[in-house]
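**Student:** Everything below, folded, please.
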Amino acid sequence: MLLQVPAGVQDTVHQAVAAATQTLQQPVAEVSDSYFTLLLKGGWILLPLFLLFALSIYVIIERMVVLKTLGKTDSVWFARIKDLVYEYKFDSAEKFCQASTNSYSKVVEAGLGQVNNDIEAVQTAMQGEATQQIARMEKHLNWLSITASVAPMLGFLGTIFGVINIFFRIAQTNEFEISTIADGLYQKMVSSAVGLFVGIVAYAGYYLLNGRIDTIVANMDKYSNDLVNMLRGGGKK
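**Tutor:** Numbers count the residues shown, from 1 in each chain. Here you go, the predicted structure:
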């Protein structure tokens, strides 16, 4: 004999199954927002974060182009400088440097301009020009450093404002629902995520560009030392 289930229990079970089926059949788009919509829910704090992101991208690209020009060199360039110095054609070597746009040529040119003085004057001139070239290469990099530090804090500030707003509404309405808290909180966490992303981009760009600058500076030192050694040798190979 089969067990008879009361009609009321059957109705309850059928309703539960129908509700579960309806929930499973809902499209994913109804449960989760698109990335763009999610970003818009981050609040007003995203505006300065987007501005900092745009500024960081601009500085990174602009500095990459500048460093590519200032750090461009080849072995033929300095080989020609050597030949002219060994032949005591310092004016020709200086003019040859003037025709180049990289930082190495500017430093060597500064040293060649002091060949009629002692070696110390040549070194001082090259050190002074190297300092100017480094300042030129590091231009605008401070914005990347600032963005890397400020962007995550701005994002966290946006999240804090969102949490304050959530609990303020709870205090005003006396309604405490987990769904309301979770919905508002995940939206405000977007600002923290965006702030971290912007900070990471700026941080990575800052150190990558500084690494490139260090390489250029090392090459400047090499060419400067080579010129000093040639002059100390009296222009003899």
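**Student:** What mean pLDDT does the longest helix along the chain get?
**Tutor:** In the chain, assigned by DSSP state H, the helix with the most residues is helix 178-232. Helix 178-232 comes out with an average pLDDT of 88.
**Student:** Likewise for stretch 122-129?
**Tutor:** Stretch 122-129 shows an average pLDDT of 94 in the prediction.
**Student:** Show me what the longest helix of the chain is packed against.
**Tutor:** If contacts are counted by 3 or more C-beta pairs under 8 Å, 6 or more residues apart in numbering; DSSP states H and E, helix 178-232 sits against helix 35-40, helix 46-70, helix 75-86, helix 103-112, helix 119-137, helix 141-173. Where you see a C-beta, it was placed from the backbone N, CA and C, and this is true even at glycine.
**Student:** switch to 7 Å and redo it
**Tutor:** On a contact count with 3 or more C-beta pairs under 7 Å, 6 or more residues apart in numbering; DSSP states H and E, helix 178-232 meets helix 46-70, helix 75-86, helix 103-112, helix 119-137, helix 141-173.
**Student:** which residues touch the residue sitting nearest the centre point of the chain?
**Tutor:** Using C-alpha atoms, centre = their mean, the residue of the chain that lies closest to the mean C-alpha position is residue 202, 2.4 Å off. Contact partners of residue 202, counting by C-beta atoms under 7 Å, 6 or more residues apart in numbering, are 56, 144, 147, 148, 151.
**Student:** now residue 195
**Tutor:** Counting by C-beta under 7 Å, 6+ apart, residue 195 touches 49, 151, 152, 154, 155, 156.
**Student:** Let's see that with 6 Å instead.
**Tutor:** Residues near residue 195 by C-beta atoms under 6 Å, 6 or more residues apart in numbering: 49, 151, 152, 154, 155.
**Student:** Spatially, which two of those are the most separated?
**Tutor:** Farthest pair in the contacts of residue 195 (C-beta to C-beta) is 49 and 152. Separation: 9.7 Å.
**Student:** Residue 108 contacts residue 97, doesn't it?
**Tutor:** Yes: using C-beta atoms under 6 Å, residue 108 is in contact with residue 97, at 5.4 Å.
**Student:** When these two are compared, which one has more neighbours?
**Tutor:** residue 108 (27 against 23; other C-beta atoms under 10 Å).
**Student:** Could you check how far the more buried one is from residue 102?
**Tutor:** Per C-beta to C-beta, to the nearest Å, residue 108 is found 10 Å from residue 102.
**Student:** list the residues that contact both of these two?
**Tutor:** Common contacts of residue 108 and residue 102 (C-beta under 6 Å, 6+ apart): none found.
**Student:** What are the structural domain limits within the protein?
**Tutor:** Following automatic domain parsing, the chain resolves into domains at 38-67+140-217, 70-137.
**Student:** how about those, which one is nearest residue 230?
**Tutor:** Closest approach to residue 230 among the domains of the chain (C-beta to C-beta): domain 70-137, 5.1 Å.
**Student:** quick one, which of the domains of the chain is nearest to residue 223?
**Tutor:** Among the domains of the chain, the nearest to residue 223 by C-beta to C-beta is domain 70-137 (5.0 Å).
**Student:** and the end-to-end length of that closest one?
**Tutor:** 8 Å (C-alpha to C-alpha, to the nearest Å).
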